[in-house]
Structures are given as C-alpha cells and as structure tokens.
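Q: Provide a 3D model corresponding to the input given below.
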Amino acid sequence: MIEIKDIITLSDQNEYQVVSIVDYEYRIYYYLVDINEISNVKFLYKNGDKLTEVEDEELVNKLLPMFYEQIKDII
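A: Next comes the predicted model:
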C-alpha cells in the first residue's frame, strides 16, 4: 500500500515522494513530486496493480483542493 511520504520510482526512472492521496469517485489518486526536481509533479491513479497518469486537466483541477485538504495539517 502506498502512503503519504513514501518514495516510489516510476517508469521514467525518477524517484517521487507521495505528497497526498485522495479517494474520489471510487478511485485512489496520488499527487507525487520528483525528489530531485520539485517542478516535476505527477498526478496518478490506481488502475488495478498499476499507477496511471491523469491526463484530464479538468480532473486535476478538481483534485488539487482535495489533495491540499488531506495534508493541510501536515504542512
């Protein structure tokens, strides 16, 4: 199970830290930041046993406030 603050390596061979996790409309979404290049962020969702990148910008805009809400007490 992936949790906030975990470090994972994606297929691009970069290491990312899990910043936030949101359960939205029966899917688990992850907000990741590259640990070596913080401007490199990824929004992924759990797709079976894989992580798939969210390509819908409108969905990302809906998720951003939810990601923040999950971690606002941590930051």
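
Q: Distance of Tyr45 relative to Glu37?
A: 22 Å (C-beta to C-beta, to the nearest Å). Backbone N, C-alpha and C define where each C-beta goes, glycine included.

Q: show me where pLDDT drops low in the chain?
A: 75 (pLDDT under 70).

Q: So which other helices or strands are in contact with the strand or helix carrying Asp23?
A: Per DSSP states H and E: Asp23 is located in strand 15-24. On a contact count with 3 or more C-beta pairs under 8 Å, 6 or more residues apart in numbering; DSSP states H and E, strand 15-24 meets strand 7-9, strand 27-34, helix 57-71.

Q: what's Glu3 in contact with, if anything?
A: Neighbouring residues of Glu3 by C-beta atoms under 8 Å, 6 or more residues apart in numbering: Val18, Ile21.

Q: and it, that's in a strand?
A: No. Under DSSP: H, G, I helix; E, B strand; the rest coil, Glu3 sits outside any strand and is assigned coil.
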